[in-house]
Each structure stands twice: as structure tokens, then as C-alpha cells.
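Visitor: Need a 3D model of the following:
(chains A and B)
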Amino acid sequence: MSSATSTTGKGAVFGGADLEATPWIPGKNLEEGPSQEMTAVVYGSEIEHLLTWKTGGEDTTTTREYFESGWTSIGVRMFHIPVEDQVKSEADVAASERVTLLARKYVSGTLSPEADARLAIATERVRRLLPRVTADDFEALESILEDLDSINRRNAERRKRLGIEPS
Amino acid sequence: MSNSKVVLSLPPAARVQYERNYITTAVCELKFPTLLEYEEKKPIPLATLLRKDYPYYQPERGVNIAPGVVEKDLVKHVFLSRKRDWVVSFNSSALSLETKDYTRFEAFSGRLKRLIEQTQEFLDTDFFTRVGLRYINEIPMEKDESSGGWEGWMHPDLVKPWVDGTYGTVDRFFQEVGGRTHAGRYMFRHGVGGATATGGPIYILDFDFYEQDVAVDDTLRLVTEFNAVNFQFFTWATGPKAIARLGKATPKEG
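Guide: From the prediction side, this is the model:
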């Protein structure tokens, strides 16, 4: 994967953990909201216009903040994506989306039907674009099979030459 | 310096209803003496009470991540209305009503009234340890065509150094103020919190009004007062351009 793991300094607003943010669209269904920032992966981005403050016992807590453990993060988050990161492969994008959705599912324990469908689609795209067994793997297996055939043939010839019958 | 507490002093604002609003989240949170049994078990009686108005149930598990601490399983029970535009959240010491589709206070307070009536017996309390009403507004700003600046959207006293360029190009601009009103306390947070699709800033006005130790019977009256102060506060904090975007103003009765 290209530059998938770089962390921005401002990610530290979430308590110094190695967490990064993904854009959140205000007004979206709550199912889409909780914990999204805490679980997503961002590709080498710089967060701009981030308005974040710590909420505590003296605040009226929104559902969203509850899941962010007291961090209030409001507003559309704008990311400057460096040019080199904008040419991520389709596989990188699909894998990133899948990781985000899986993380959200892990944190909230459930996904909306829409998010569930998106997860299924992302998983299928990852399977197609990043199959566990690639063409290279098949070629390597074929090569091993050819070697085995060759070894078997040579063994058979040796047995024949030495008059050893196979058991 | 005198010890007397001076309350928020805002110019009066005519009571009107605009066609639109900037509220992206409205929430009323009622805290009550902790129901210890519901720290462990599911609030099944509450679910039964709310099932008609909030048919969708969604238990949520939170994660608290801090340096050296990863705390899971902070359970909150979320009940959603049929259109999923109203949300009731419950944990062992708080019940809240929230919407991201706020239209007018009467609709909000009507829901709140019904929620209090439905849950009073379940909560088994005649007072709330804290009542809070919070409105988060997001105001998309547009550059002034003649000056090229951002003036006219917010009260100049809130944004002057930013708007007149004293701070230069800012990466971050917000302020937090806490104080008292005649009806309780407030926390006011404001600042630039994002950008529109065209690159203009989105200005956040986050008003939180609250009071502690409130009799259940006084709750709606208090929330109504909070709302009135909020309207005054919002009217003061915004500039003519932001108000113009709200559409026609219809006088409110009463």
C-alpha cells in the first residue's frame, strides 16, 4: 500500500493515540456517525479547519460525543490530500474502505443496512482486486508441480535402472 | 472585584420563527440519580415504554482511547424514531432526546414532554441532577463580493481579529465562554469548524444551557427558558447575512 500509514500531528487530539480522522458530514444519520473519526484510516493527510474541544461533566452530551469519550468534533473536516496520495490504486481505496467499515462495526457492534451493504461490496472488491491467491501464486504452484513431476520421473527411471520395484 | 455574579446580558430579540435554521444537532439531556441496576442489565421496561415512538433499538458500545488506556464496552442504549430523525439515548444516569432534523422548538418540546411523561416512573425520580439543552449551529459563510472578506455573517465582536486579518490566515479559530443566565448556566463555543464545498468557512455556534438539581415538574419550563435565551444569544451572535439566509420571519404568539 502506498503511504497508508502516515499519521498527522493533529490526529493526536484524540488522546495521543495513533488515530486518524475521516471526513464526517454533519447531519448524517446517527448510525453513520459514532466513532467514525476514531476508527478510520487516512492516507497521509493534513487536517484543516478542525474544531475540537474537550467536553466534560459540565456539558450536555450528544450521542456522538458519548462515543468519542468526551471529545467534541464539530464541522465538516477538510483534508488536503497530497497529490501522490490521490493516485492510490483501486485496491488501496477498496481496502481502506473495508478497514474503516470493519473498524466501525467492531466499535459499535453493528452496522446500518446501508453500511453493511457497503462493507459487503468493499469486501468483494478487495477479494477481486487483492485475491489471497494471485496469478503469481498459481505460477509458482505450477512450477512446483512441474518440479515434482520431474523428480517423480527421475525417481521412476532410477528405480527401473536399479531394478527396485515401487512398494 | 465584587463577588456578585453578573448574568448574561443580551439585547432583546423579537420572537419570530424563521423558515430555516442552522441547527445541525439539538439535544436535551436529563441526568438523574444513577440506576445502578442498569449499569449491567438492559433497560427492557424503558424499551417497552418507548417502542411505539422509537421502534428501532440500537445498543451501542463505545471505546475510550487515551494514552495507555483502551476502555471498551461503554454501553449506551439508543432508540430511534421510525424515520430515524429522533433519537433517545439512555445510560444508567442520563436520558437524552436528540435530533439532527430540528424544525421548531414546539416540536422538540412536545417530544420532550412526552418522553418525560413516559419515563418518569421508570426513572423513579422527582428531580433531575442536571438538565441541559444544547444547540449546535453550522453557518456556511460566503465571501463578501466587494471586500473579499467574511464580514456581515457573525457579530463583529466575536470575529473581528479574524475577519480583519489581524490573525492572518488561521489554522484554528474558536473560543469558549462559560457563565450564568437568569435561568441557569451556559457554555458558549464558537469558531471556524469546517469549510463549504466552495471553500468558504463554516462557522460553528454551539450553545449549551444547563442547570443542576431541577424538579421534574419544572423541567419543561426551564427548557423553554433555555430556548428563549438561546434565541436571543443566536440573534446577537449572528450578523445580517446569516439572518437573511433564514428566510421569512413570522412573529411567534404568546
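
Visitor: Please enumerate the strands of the stretch 151-254 of chain B.
Guide: B:174-181, B:184-195, B:201-215, B:249-251 (DSSP state E, counting those that start in this stretch).

Visitor: Which of those has the lowest mean pLDDT?
Guide: With a mean of 88, strand B:184-195 has the lowest mean pLDDT of these.

Visitor: Nearest to chain A, out of the strands of the stretch 151-254 of chain B?
Guide: Closest to chain A of these is strand B:184-195 (Cβ to the nearest Cβ; 2.7 Å). Yep, even glycine has a C-beta here, placed from its N, CA and C like the rest.

Visitor: any idea of the angle that closest one forms with strand B:174-181?
Guide: 160 degrees (axes from the mean of the first three to the mean of the last three Cα atoms, to 10 degrees).

Visitor: Direction included, what does strand B:184-195 pair against?
Guide: strand B:174-181 (antiparallel), strand B:201-215 (antiparallel) (DSSP bridges).

Visitor: okay, those in TSV with mean neighbour count next?
Guide: Formatted as TSV, these follow (neighbours: other Cβ atoms under 10 Å in any protein chain shown):
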stretch	mean neighbour count
strand B:174-181	14
strand B:201-215	22
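
Visitor: Was I right to think B:Q17 contacts B:K248?
Guide: No: applying Cβ atoms under 8 Å, one finds B:Q17 not in contact with B:K248, separated by 9.1 Å.

Visitor: Which of the two has more residues huddled nearby?
Guide: In this comparison of B:Q17 against B:K248, neighbours counted by other Cβ atoms under 10 Å in any protein chain shown, the higher total goes to B:Q17 at 18 against 9.

Visitor: what sits against the more buried one?
Guide: The contact partners of B:Q17, by Cβ atoms under 8 Å, 6 or more residues apart in numbering or on different chains, come to B:R104, B:A249, B:T250, B:P251, B:K252.

Visitor: can we see that at 7 Å?
Guide: Contacts for B:Q17 (Cβ atoms under 7 Å, 6 or more residues apart in numbering or on different chains) come out as B:R104, B:T250, B:K252.

Visitor: which element is it on?
Guide: Element membership of B:Q17 [criterion: DSSP states H and E] is strand B:16-18.

Visitor: Please identify the buried residues of stretch B:139-152?
Guide: Within stretch B:139-152, the residues scored as buried using 16 or more other Cβ atoms under 10 Å in any protein chain shown are B:I139, B:P140, B:M141, B:W150, B:E151, B:G152.

Visitor: Need the nearest residue in space to B:N230, chain neighbours excluded.
Guide: Leaving aside its chain neighbours, B:N230 sits nearest to B:F207 (5.1 Å; criterion: Cβ to Cβ, 6 or more residues apart in numbering or on different chains).

Visitor: what's near enough to touch that neighbour?
Guide: B:R134, B:Y135, B:Y186, B:F188, B:N230, B:F233, B:F234.

Visitor: thinking again about what came up before, now tabulate the strands of the stretch 151-254 of chain B in TSV and tack on distance to B:I44.
Guide: Output for those, formatted as TSV (distance: least, Cβ to Cβ, whole Å):
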stretch	distance to B:I44
strand B:174-181	38
strand B:184-195	34
strand B:201-215	27
strand B:249-251	44
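
Visitor: Of all the ones you listed, which one comes closest to B:T48?
Guide: Checking the strands of the stretch 151-254 of chain B against B:T48 by Cβ to Cβ gives strand B:201-215 as the closest, at 26.1 Å.

Visitor: about what we covered before: beta partners for the residue nearest to B:N230?
Guide: Beta-bridge partners, per DSSP bridges, of B:F207: B:Y135, B:F188.
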